[in-house]
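**Q** got a predicted model here, sequence first, then my questions.
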Protein chains: 4
Amino acid sequence: MSSTFTGQHLRLSIFGQSHSEAVGMTLDGLPAGIPVDLDELQSFLNRRAPGRNDWSTPRREEDRPEFLCGLKDGFTCGAPLSAIIRNSNTRPKDYSQLKITPRPGHADYTAEVKYRGFQDYSGGGHFSGRLTAPLCIAGGIVKQALKERGIAVDARIKAIAGIVDVSPFAASVAGKEFPVADDKIGEQMREAIAKARAEGDSVGGVVECVVRGLPAGIGEPMFDGLENQIARMVFAIPAVKGIEFGAGFAAAGLRGSENNDAFCVQDGRIETVTNNAGGILGGISTGMPVVFRAAIKPTPSIAKEQQSVNLNSMEPSALRIEGRHDPCIVPRAVPVIEAAAAIAITDLILGESTWN
Amino acid sequence: MSSTFTGQHLRLSIFGQSHSEAVGMTLDGLPAGIPVDLDELQSFLNRRAPGRNDWSTPRREEDRPEFLCGLKDGFTCGAPLSAIIRNSNTRPKDYSQLKITPRPGHADYTAEVKYRGFQDYSGGGHFSGRLTAPLCIAGGIVKQALKERGIAVDARIKAIAGIVDVSPFAASVAGKEFPVADDKIGEQMREAIAKARAEGDSVGGVVECVVRGLPAGIGEPMFDGLENQIARMVFAIPAVKGIEFGAGFAAAGLRGSENNDAFCVQDGRIETVTNNAGGILGGISTGMPVVFRAAIKPTPSIAKEQQSVNLNSMEPSALRIEGRHDPCIVPRAVPVIEAAAAIAITDLILGESTWN
Amino acid sequence: MSSTFTGQHLRLSIFGQSHSEAVGMTLDGLPAGIPVDLDELQSFLNRRAPGRNDWSTPRREEDRPEFLCGLKDGFTCGAPLSAIIRNSNTRPKDYSQLKITPRPGHADYTAEVKYRGFQDYSGGGHFSGRLTAPLCIAGGIVKQALKERGIAVDARIKAIAGIVDVSPFAASVAGKEFPVADDKIGEQMREAIAKARAEGDSVGGVVECVVRGLPAGIGEPMFDGLENQIARMVFAIPAVKGIEFGAGFAAAGLRGSENNDAFCVQDGRIETVTNNAGGILGGISTGMPVVFRAAIKPTPSIAKEQQSVNLNSMEPSALRIEGRHDPCIVPRAVPVIEAAAAIAITDLILGESTWN
Amino acid sequence: MSSTFTGQHLRLSIFGQSHSEAVGMTLDGLPAGIPVDLDELQSFLNRRAPGRNDWSTPRREEDRPEFLCGLKDGFTCGAPLSAIIRNSNTRPKDYSQLKITPRPGHADYTAEVKYRGFQDYSGGGHFSGRLTAPLCIAGGIVKQALKERGIAVDARIKAIAGIVDVSPFAASVAGKEFPVADDKIGEQMREAIAKARAEGDSVGGVVECVVRGLPAGIGEPMFDGLENQIARMVFAIPAVKGIEFGAGFAAAGLRGSENNDAFCVQDGRIETVTNNAGGILGGISTGMPVVFRAAIKPTPSIAKEQQSVNLNSMEPSALRIEGRHDPCIVPRAVPVIEAAAAIAITDLILGESTWN
């Protein structure tokens, strides 16, 4: 109820708080016999890990997962797969004031109401972006499984601080520390981040994700279609405030004759001439690339003074946040979005029945 | 698995095809003792029903639900609530060609792949917008239950064909046949619809929904927050291709200092000065209005000739759709969006534990 | 939450009250293309239907399901399958006193507490055995699907009123109106039923069920094994108070060397010499027949005077139940147990992933 | 899908293999603010822990849980609660032969089929009784929570090796190392265990559990009643092959007039004179003690030679199991049954809606 994803076939349990002993995940329902390359997984996790460059928080975590169970000789063994990451570099003292003076844009206040004062407020507790690390363990593993089946999940920075990269999606960002297709645009984005940081502020952006190689026919009607499932998973990432598929919000301004994707035959298989549907019709994959974009709000933790309320006195209270924070989490969100999409899609594939 | 919503507390099963005997729904998990006003429900359903004005399909359905069980003397009795609507005015012959020549923008092709030719293609089968009628039965009932608790769920047309209504949300659209706040803008929208219809085309738009009166503390972290649940429910509506909460995609272009909503005290309770978060932090309600917008693509069924493929011969095939269709479904989608939001929110409220 | 079964792959929603407009079911998740023989289904339902012989209630219901959706040309079409049975022969007046004087052995009192007076008490409401009719619609359909795959689900009367049939399971009861293997024993059972009826009383019994042809490897560890799932489904049948698999409670008195089933090779495949495990090890099928028994309590509705309490006055109140009731529901429970087992097993088969 | 319990409100994920790094559990959905006494929890776990007396396996594990998250200052904080137990005293070499020669009565063979050779066969892998340790962590915590609300969950040995203790349930077994009410009968049971052990064999038994203090009205109709939920949870315990509630299988031999529990007024509240229903009518608690019994098969791992099959050669193969095993697991199963019942009941209580 909350941090356990109950999918069509997978059960994913995410646990931990920003400053608890560990964060971790249990992934239940993966078939036995899937090979897991731990080095490749580590590379994937490093794309998200903090403290590695000038646009992320100086809190440096190695983010090395310790596997507790579920793997045998490099393959999944059918039992639940569980892995944890120790929270080594915590500084709980930074957060002591936040219980009574909630940070704007954070879950401090809503957690206080919901958990009636018993919540772990330190570092954002269970609402911290740190919880995306275990999400990436699960996502990194299923990404490998998908890759084996010819399905590639790739995301990139689409926009930061209003600066948009209009490169066609095919443009690769593989291996780039700053995963944007057009490096010149990327340079402008990094300048915008640096400027915000210098001013004690932060910026947001948009991540675009594409899934290639997904066969037609995956997804369920109504509540468990590709859009429902991907959205449900992507909104688990703190800071995501919107999602759109294919032409998305722009489709709302098109005519039907413009937005409909005409069918055609390409190399003996059915394709569509355009892909405004983002590879999804009726919640089910068309065989074209699945394309979606997620809006990431600017990091709420900023150095600038903000207005809050002292919950004890109910008096206005100015707040200056001391801890270590990312001026822009969009680059680090890129692999997290990939992880979320990979989990949602793997779940729907696994949910297909063997009956026929 | 697909058309059954398994929420925190509610189970909603939607069934039927466009031209089957009936469409219907079963809502399981409503507490006993909730009063249901059937006249008010009928008024709500009439807002969605087709055939009543010049921007909707001429297929006129009365959409009078027949309650099979779950009500006693005007109150829910604790047992599952089931209601059906007979499909009286069907014309299956209109659709005979579509099995082999899928309509662009529809689920004809993906259903063909998924169900291997066994699907009910007539009228779009289970993928028809007709399935939003039972969604509105469920939604109309829980809207009444929410209203009793002081929670109001209201949607309106935000944009059609690129024409945007910038009225503040407080502006009421209650009782309007064309639910837009600014009637002058509404006039332009209706002209755009009429023009599209005259050209055998269609237009899309954006629906905005606001939920007022929801107390702080509702929603779960990670996978079952307000955003996840509302998104999961809203993407069950055919034609929705995007959703955003609060400032949404626009937040991606703001600074943290602009986007963060400062806390303040108003009438002795905590509020926020702005509401860019759309009433949601960490997936949990802040007590401010929950605000979201859904992008509705233009109706895919258009009279204009389109390019498709004959699935038997795998040859290109021009397609002219004959049936009866809405040139713009946005006005009729307004109550459906309300229904979806009301169900998602009721489920999260009911999912709160009595323990404490 | 309650009357919706959320399985590994299937979602089964059962709705209705004893005297509501209709009872019915929606089965969501069946693959498209499964043939459904409606005559065979009717024959299956007739085995449960009341009013056909001297050991069942005189309330005669035709129990003819009306299919609302989900079938096309005799095959499942992939959309949810929904069917209802009208409650034609209801006599609500029989039950008016029961709201304030709960019947011993019935759910009248617990429903009154749970639903705070809003429950539909007429005829037992949602707790009536009548709700097993829609369970049999779902079960009858999946039984056909299993049969197509070579899996047979057969139950029989094992005991009534303490009279036990020790025939080996292989003995067929197919087509018998009184489904017991040894007809002489059956005669004694019927006499015991007739005697109880004459005395205004009722008797219980045990139903045994065997599933043949289930391949090895079906079922999940821990919470979703064959035993968990079958038990969860079987306890949905009113009056079931116990279940045991294979040697069951008798196994508790055996030595390990007696109870363990030695492995052997038979016709080139692995079998076990005995089947004390009832075809299940670790929750997973062994390939041997799955065998279980369910204990059915005597019908609680009896003509004899019983002691109850007037809930208004909180005074003792003698109760004589007037309605029409079965002196023994065990014969009619036989197909219901088959239905429950068939649904549980189909769900686990469908839940197997296609990944490998 | 399998080792994740998805209840009405709780999500319980159990992970680990007999010889993996650790076994553990994540319990998601507990309200914030529940006090957890770790010493009391340790005492509870010690009742299950092996290696402490002459009727359990010499494999001595300390079974000290390490809490990773979810607790703050001795209270639940609302976030998922996760704890692990390291597998310190493993001897994987003992099991090397079992992959190709499955042990009778164990899941070796079914796991081999299901996981196609990728399973972790060492020590029974994920099917080991060791997995009941994390079940007891979850159960021990919710037992404390229930106790705070006046609900007591107590189990005891009802029978071992056919020797039955007929003491009334009220007789206390609290604090006894061998939890049987009648110590003389207990002596006989221990002799039977010792005899079986001396002969390289094992014995089974029956555990009885009673839940006192549960208010009337808890549980849901049909698929999620108390019987369904408790059964589903109890069958997660390896070796359980049957369950019965109240009079259970004996009820099948009674008349309705004998089995029905007459209602009466006691101290101003409704009770029943007898409790053949085991405190449950229509799946819902009556307010009387909930009573059930579980049949535990004799430990399948015995020293005696047994017949199996070499899966490589498909030839018969005699098997002698070398490892360390319990001649009778019934005493250690007593707290595990309590844990299972406590989890099922807590889940149903938490699942009650706050609406009314």
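**A** Looks like it came in fine.
**Q** separation between the closest residue to chain B within the stretch 51-200 of chain A and residue D:79?
**A** Relative to chain B, the nearest point of the stretch 51-200 of chain A is residue A:107 (2.6 Å; CB to the nearest CB). Yep, even glycine has a C-beta here, placed from its N, CA and C like the rest. Separation of residue A:107 from residue D:79 (CB to CB, to the nearest Å) stands at 11 Å.
**Q** of the two, which one has the most company?
**A** residue D:79 (31 against 28; other CB atoms under 10 Å in any protein chain shown).
**Q** what helix or strand does that one sit in?
**A** Assigned by DSSP states H and E, residue D:79 falls within no helix or strand.
**Q** so who does the nearest residue to residue A:329 once chain neighbours are set aside touch?
**A** Once flanking residues are discounted, residue A:329 sits nearest to residue A:299: 5.4 Å by CB to CB, 6 or more residues apart in numbering or on different chains. Counting by CB atoms under 8 Å, 6 or more residues apart in numbering or on different chains, residue A:299 touches A:202, A:204, A:239, A:325, A:326, A:327, A:328, A:329, B:256.
**Q** so the residue of chain A positioned farthest from its centre: helix, strand or coil?
**A** Here chain A reaches farthest from its C-alpha mean at residue A:313, the gap being 37.3 Å by CA atoms, centre = their mean. Three-state call for residue A:313 (DSSP: H, G, I helix; E, B strand; the rest coil): coil.
**Q** quick check: phi and psi at it.
**A** In terms of degrees, to the nearest 10, the main-chain angles of residue A:313 are phi -90, psi -10.
**Q** what about it, distance to chain D?
**A** Between residue A:313 and chain D the distance, using CB to the nearest CB, to the nearest Å, works out to 23 Å.
**Q** if I look at that residue, what pLDDT would I see?
**A** What the model reports for residue A:313 is a pLDDT of 95.
**Q** now do it against residue B:265, distance only.
**A** Residue A:313 is 10 Å from residue B:265, by CB to CB.
**Q** same question for the strand or helix carrying residue A:39, mean pLDDT?
**A** Following DSSP H and E, one finds residue A:39 within helix A:38-48. The average pLDDT within helix A:38-48 is 96.
**Q** ok, now stretch A:275-284?
**A** 98.
**Q** and that stretch, how far apart are its ends?
**A** End-to-end span of stretch A:275-284 (CA to CA, to the nearest Å): 14 Å.
**Q** what sits up against the helix holding residue A:39?
**A** Applying CB under 8 Å, 6+ apart, the contact partners of helix A:38-48 are A:52, A:63-65, A:67, A:132-133, A:136-137, A:139-141, A:143-144, A:179, A:332, A:334-336.
**Q** got it, and stretch A:325-334?
**A** A:47-48, A:50, A:55-57, A:129, A:132, A:155-157, A:160-161, A:178-179, A:193-194, A:196-197, A:201-207, A:237, A:239, A:294, A:296, A:298-299, A:301-303.
**Q** of those, buried ones?
**A** Among the contacts of stretch A:325-334, those buried by neighbour count (16 or more other CB atoms under 10 Å in any protein chain shown) are A:47-48, A:50, A:55-57, A:129, A:132, A:155-157, A:160-161, A:178-179, A:193, A:196-197, A:201-207, A:237, A:239, A:294, A:296, A:298-299, A:301-303.
**Q** and for the spatially closest residue to residue A:151 that is not a sequence neighbour, the neighbour number?
**A** In space, and not counting its chain neighbours, residue A:151 is closest to residue A:213: 4.2 Å by CB to CB, 6+ apart. In terms of burial, residue A:213 registers 14 neighbours under the definition other CB under 10 Å.
**Q** per-residue confidence averaged over stretch A:13-29?
**A** Across stretch A:13-29, the average pLDDT comes to 97.
**Q** near chain B, anything from it?
**A** Yes. Contact of stretch A:13-29 with chain B (CB under 8 Å from any CB of the partner chain) involves residue A:14.
**Q** near chain D at all, that stretch?
**A** Yes. Using CB under 8 Å from any CB, stretch A:13-29 reaches chain D at A:13-17, A:20-24, A:26, A:28-29.
**Q** and the top helix by length along chain A, what's buried?
**A** In chain A, assigned by DSSP state H, the helix with the most residues is helix A:330-351. Judged by neighbour count using 16+ other CB under 10 Å, the buried positions of helix A:330-351 are A:330-351.
**Q** so where is chain A shaky, pLDDT-wise?
**A** Where chain A drops to pLDDT under 70, the residues are A:1, A:51-52, A:54-61, A:89-96, A:170, A:323-324, A:354-356.
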